[in-house]
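Asker: sequence plus the predicted model coming up.
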2 protein chains.
Amino acid sequence: MAQVYERAALIGLGLIASSMSHAMRRAGLAGEIVGYARSEDTRQIARDINLCDRVCDTAAEAVKDADLVVLCVPVGAMEAVAREIGPALKPGATVSDVGSVKTAVVEAVAPHLPANVHFVPAHPLAGTEHSGPRSGFAELFDDRYCIIVPVEDSDRAAVDRLTDLWRGMGARTEEMDAEHHDLVLAVTSHTPHLIAYTMVGVADDLRRVTDSEVIKYSAAGFRDFTRIAASDPVMWRDVFLNNKEATLEILGRFTEELFALQRAIRQGDGDHLHDYFTRTRAIRRGIIEAGQDTDAPDFGRSKPRKGDITGG
Amino acid sequence: MAQVYERAALIGLGLIASSMSHAMRRAGLAGEIVGYARSEDTRQIARDINLCDRVCDTAAEAVKDADLVVLCVPVGAMEAVAREIGPALKPGATVSDVGSVKTAVVEAVAPHLPANVHFVPAHPLAGTEHSGPRSGFAELFDDRYCIIVPVEDSDRAAVDRLTDLWRGMGARTEEMDAEHHDLVLAVTSHTPHLIAYTMVGVADDLRRVTDSEVIKYSAAGFRDFTRIAASDPVMWRDVFLNNKEATLEILGRFTEELFALQRAIRQGDGDHLHDYFTRTRAIRRGIIEAGQDTDAPDFGRSKPRKGDITGG
């Protein structure tokens, strides 16, 4: 893979930015990678682990002469960053982001960018429950989708170039408009996260079942919920505040369906339950066939390997 | 590990029974393992893969002279099986089960057992989303909990002997009464499963988001839900019909909490969301420290290994 950008600037140095840096280096996609994080601690860690070629102390300094600037901060911080870097951007540069919602990010960022830069929002559908500059790894995006969300006046060449970058980092890409992106993600990510957070909160609250019981017997299904519910609280707060309409719509449908199943349980309607549970099996098969998960038995996860238990 | 039972009979030959057979053989825990399944096909597969030492064509024949009989059928089928085997049980034998609910199983099974056998219900908290006699493996119970649920007149020696068996198969054991078991499982397993089934059903129903979009973008959180929602429909129908009260109670608490979060989203109350999401992180850490999961990044699961995609 050839170099796609001469200088790429990463604003915010968490899981996604640090994984991008590793992935760009793996394929030689950027001549120089410059980084900035608001926290002095984060900047120091990034320097210590040599995460970028250069770590700057201000966002404006980091974006200077960059061909690509990627905003990797929580959705609620996008507007302030855009306002700060706007005047410092190089004419002809591409500005992108990795935010989990798109309509709100476009509204927050676009007004602050000069007319002579290209704005191409994007969202890589990849992550782990870990955060911070040490959590990144080059393989995070391999075979995962990155959704590119061109805005009305996005330059085609700029869109294609960003697409090349994401493919070079191992991702598959798709284009989508911002509103549809936000609805799809409300279904596949935002509502499931909210539900997982809720269920874990319920377990924590229930005094008749102790925390230690919840923890010991988590392998029975709850465990995957706790993993999801360990994700970064600031990032997720901002997702829900900024994808309000789509999330509330899907939540409404979810509670409707849940009430129907609850009623079936109360009334002892086994056929309703059986039919519903049979239908949901087909989607699982589709996901395996699409290469987005494996068919290997997973609930059991057999025994945790001793070396993995770091307590971290 | 020495032999614990001379002859063990497994009634029902799905994931749990087939894993028990492999695990008992691994440690030499039973002199002879006899099996029975209602379906002729299942019995034939069990014979073909040499799952048991002997596969019988009736349940009554399978339990003859067995020191241990384990009912490994869906909860809704327990009563009929108990009625059938009752007269054929050997005096002094232990009858156990592996059902996911306990109060209903005790009520269904106990009346059909003669006074001269020991009834010791149990529930191994282990499973995968696969089912059938081919899905078992010896490691399924390793480091997982098996909850032993002695009934009022359970013989102490019989309870200890069954405990030895489960420990020999790799499990950790705990004793609990039936009612408390059902509440704990409603929290850690039954309600999470119902929620996962519901969310997958909602995604499947939403016409504005295509199935192929749901499948392609599932890595964003939804994927773990689909895995849970691929579990056996008959088993889960029976769980909900037979753990009605505890499941409805936890569901009620779940919807209360969900509505509070929904309201926070609608009102833009970021502090409420952030506080809630911060609290749920602690439980995750407890689970890792208890050795019930690893800290390795999992959402990414990096790339599916080619060999794993069997389409099966």
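Answerer: Now that the structure is in, tell me what you want to look at. Here the structure is a predicted model, which means the values were calculated and not measured.

Asker: now the helices for the stretch 1-150 of chain A?
Answerer: Taking DSSP state H, counting those that start in this stretch as the criterion, the stretch 1-150 of chain A contains helices spanning A:15-27, A:40-48, A:59-63, A:78-85, A:103-109.

Asker: between the ones you listed, which one is nearest to chain B?
Answerer: helix A:15-27 (8.7 Å; CB to the nearest CB). All C-beta spots, glycine's among them, are computed from the backbone N, C-alpha and C.

Asker: what is the closest one packed up against?
Answerer: strand A:5-11, strand A:30-36, helix A:156-168 (3 or more CB pairs under 8 Å, 6 or more residues apart in numbering or on different chains; DSSP states H and E).

Asker: buried residues, the second one. List them.
Answerer: When you say that, I think you mean strand A:30-36. Within strand A:30-36, the residues scored as buried using 16 or more other CB atoms under 10 Å in any protein chain shown are A:30, A:33-36.

Asker: go through the helices of the stretch 1-150 of chain A and pick out the most buried.
Answerer: Of all those, helix A:15-27 carries the top mean neighbour count, a mean of 23, counting by mean count of other CB atoms under 10 Å in any protein chain shown.

Asker: could you check the angle strand A:30-36 makes with that one?
Answerer: 160 degrees (axes from the mean of the first three to the mean of the last three CA atoms, to 10 degrees).

Asker: which residues are contacting helix A:15-27?
Answerer: For helix A:15-27, contacts defined as CB atoms under 8 Å, 6 or more residues apart in numbering or on different chains pick out A:1, A:8, A:10-11, A:29-30, A:33, A:35, A:46, A:51-52, A:70, A:72, A:98, A:124, A:126-128, A:130-141, A:165, A:168-170.

Asker: dump the helices of the stretch 1-150 of chain A to JSON lines, plus mean pLDDT.
Answerer: Below are those laid out as JSON lines (pLDDT from 0 to 100):
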{"stretch": "helix A:15-27", "mean pLDDT": "98"}
{"stretch": "helix A:40-48", "mean pLDDT": "98"}
{"stretch": "helix A:59-63", "mean pLDDT": "98"}
{"stretch": "helix A:78-85", "mean pLDDT": "98"}
{"stretch": "helix A:103-109", "mean pLDDT": "97"}
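
Asker: quick one: A:V98 from B:G28, how far?
Answerer: 55 Å (CB to CB, to the nearest Å).

Asker: and the two? Which one has more around it.
Answerer: Neighbour count, other CB atoms under 10 Å in any protein chain shown: between A:V98 and B:G28, A:V98 has more, with 25 against 12.

Asker: what's the domain layout of chain A?
Answerer: A:5-176, A:180-300 (automatic domain parsing).

Asker: lowest-confidence stretch among the ones you listed?
Answerer: Ranked by mean pLDDT, the domains of chain A bottom out at domain A:180-300, which scores a mean of 86.

Asker: for A:R266, helix, strand, or coil?
Answerer: helix (DSSP: H, G, I helix; E, B strand; the rest coil).

Asker: correct me, but it touches B:E245?
Answerer: No - with contact defined as CB atoms under 8 Å, A:R266 does not count as touching B:E245 (9.8 Å).
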